[in-house]
Structure formats: C-alpha cells, structure tokens
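*Asks:* sequence and computational prediction follow.
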Amino acid sequence: MTFRNILLGCLGTFLFLSCQDGLYYTAYQPIPQSLWDSRDTLVYTLPVADHDMDVLLSVGVRSTDAYQYENLVVAVEQQCDQHRVASCRLPIAINDDGRYTYGHSTPLADDYSGVAVIHLKKGKAYTLRLSHRMKLNPLTGISEVGVFVEQSHSEGFPTMMR
C-alpha cells in the first residue's frame with residue numbers, strides 16, 4: 001500500500017466523520033453474490049438542489065476477506081438529463097485491519113476514497129454512475145458500494161471532476 005493511498009483514505013475518512021452535519025446524500029447498494037463486474041454500473045440519484053452549490057463526493061466500499069487486493073479504483077460519472085457532465089476515478093485503499101459485521105454473518109471492512117468536488121445547479125436532477133476499473137473481472141468480495149455527498153462550506157473549491 002502506498003503512502004498516497006493511505007493518506008487519501010485517511011483524508012476521506014476524516015472528512016466523512018468530521019462533516020456529518022453537512023451530509024447532503026448518502027446511500028449504499030449491495031453487490032449480488034459479492035461479485036462486481038466492470039459492466040455492472042451502480043446508479044445513485046441525488047436530490048434536486050434548491051440552490052447552486054459545490055458538494056464533496058466520496059465513495060465507500062464494504063469488502064469481505066475474499067477481496068484480496070490492497071486497492072480498488074472506482075470510476076464516477078456525473079449525469080444530468082442522461083448526459084455526462086463530469087467524470088473522475090477515485091482510488092480506495094483497502095484496509096484489512098478491523099472488519100465489522102453490520103448485521104451480516106461475514107465481517108466487512110469499511111474503506112473510503114478521497115474526495116472529488118462536483119457542482120450541482122439549482123433545480124437540476126443529477127445521477128452518479130459508478131463502476132470499477134480493475135483488470136480482474138468480476139471482483140470477488142465487494143459486498144456493498146456507497147456514495148457520500150456533503151455540502152461544501154468553502155467558496156471557490158476547484159471542481160476536480162472533468
């Protein structure tokens with residue numbers, strides 16, 4: 001595991017834990033049989049914004065010990081009216097230490113990506129489309145994938161999704 005991946009994971013976790021009051025949207029989706037194919041796109045529909053705003057996006061992954069790799073790369077595409085607005089790739093460092101049950105029989109690890117800044121326009125409906133960009137296909141051991149969208153309280157954040 002590289003220092004950069006550890007740092008990005010820590011930053012994402014820190015931002016997630018420290019900014020709960022600004023949480024705009026969060027959702028996890030289960031991966032059937034814990035087999036995630038790169039063609040299996042997960043779609044998240046964001047609430048319509050009541051004003052223009054920048055938000056912070058991070059991706060969370062719950063994995064079992066069947067996932068044997070140190071990282072995961074997730075492609076994120078932001079769409080409005082079924083047209084791509086922006087996209088990026090978010091790496092996630094997988095931490096094998098400390099798995100939790102979350103009501104499942106199999107312990108799961110919770111890991112988070114770094115943060116991307118996306119812009120939402122007032123009155124527009126946006127979706128986020130996620131897929132993995134790993135060479136191995138399908139990925140085994142990924143049980144759930146989620147998104148965390150938080151309101152940004154800083155002005156002038158550069159948009160990192162292109």
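*Replies:* Yep, it's here.

*Asks:* give me the nearest residue to residue 24, chain neighbours excluded.
*Replies:* residue 149 (4.6 Å; Cβ to Cβ, 6 or more residues apart in numbering). For every residue, glycine as well, the C-beta is placed using N, CA and C.

*Asks:* doesn't that neighbour lie inside a strand?
*Replies:* Yes - Residue 149: assigned to a strand according to DSSP: H, G, I helix; E, B strand; the rest coil.

*Asks:* doesn't residue 59 make contact with it?
*Replies:* No - using Cβ atoms under 8 Å, residue 149 is not in contact with residue 59, being 10.4 Å away.

*Asks:* quick check: mean pLDDT of stretch 51-69?
*Replies:* When pLDDT is averaged over stretch 51-69, the result is 91.

*Asks:* may I have it exported as PDB, CA atoms only?
*Replies:* Output of stretch 51-69 as PDB, limited to C-alpha atoms (Å, rounded to 0.1, in the frame of the first residue of the first chain):
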ATOM      1  CA  HIS A  51     -29.700  26.400  -5.000                       C
ATOM      2  CA  ASP A  52     -26.400  26.200  -7.000                       C
ATOM      3  CA  MET A  53     -23.700  24.500  -4.800                       C
ATOM      4  CA  ASP A  54     -20.400  22.600  -4.800                       C
ATOM      5  CA  VAL A  55     -20.500  19.300  -2.900                       C
ATOM      6  CA  LEU A  56     -17.900  16.900  -1.800                       C
ATOM      7  CA  LEU A  57     -18.200  13.300  -3.100                       C
ATOM      8  CA  SER A  58     -16.500  10.300  -1.700                       C
ATOM      9  CA  VAL A  59     -17.100   6.600  -2.300                       C
ATOM     10  CA  GLY A  60     -17.400   3.900   0.400                       C
ATOM     11  CA  VAL A  61     -16.800   0.200  -0.100                       C
ATOM     12  CA  ARG A  62     -17.600  -2.700   2.200                       C
ATOM     13  CA  SER A  63     -15.500  -5.700   1.400                       C
ATOM     14  CA  THR A  64     -15.100  -9.200   2.800                       C
ATOM     15  CA  ASP A  65     -11.800 -11.000   3.200                       C
ATOM     16  CA  ALA A  66     -12.400 -12.600  -0.200                       C
ATOM     17  CA  TYR A  67     -11.200  -9.300  -1.700                       C
ATOM     18  CA  GLN A  68      -7.500 -10.000  -1.900                       C
ATOM     19  CA  TYR A  69      -6.200  -6.700  -3.200                       C
END
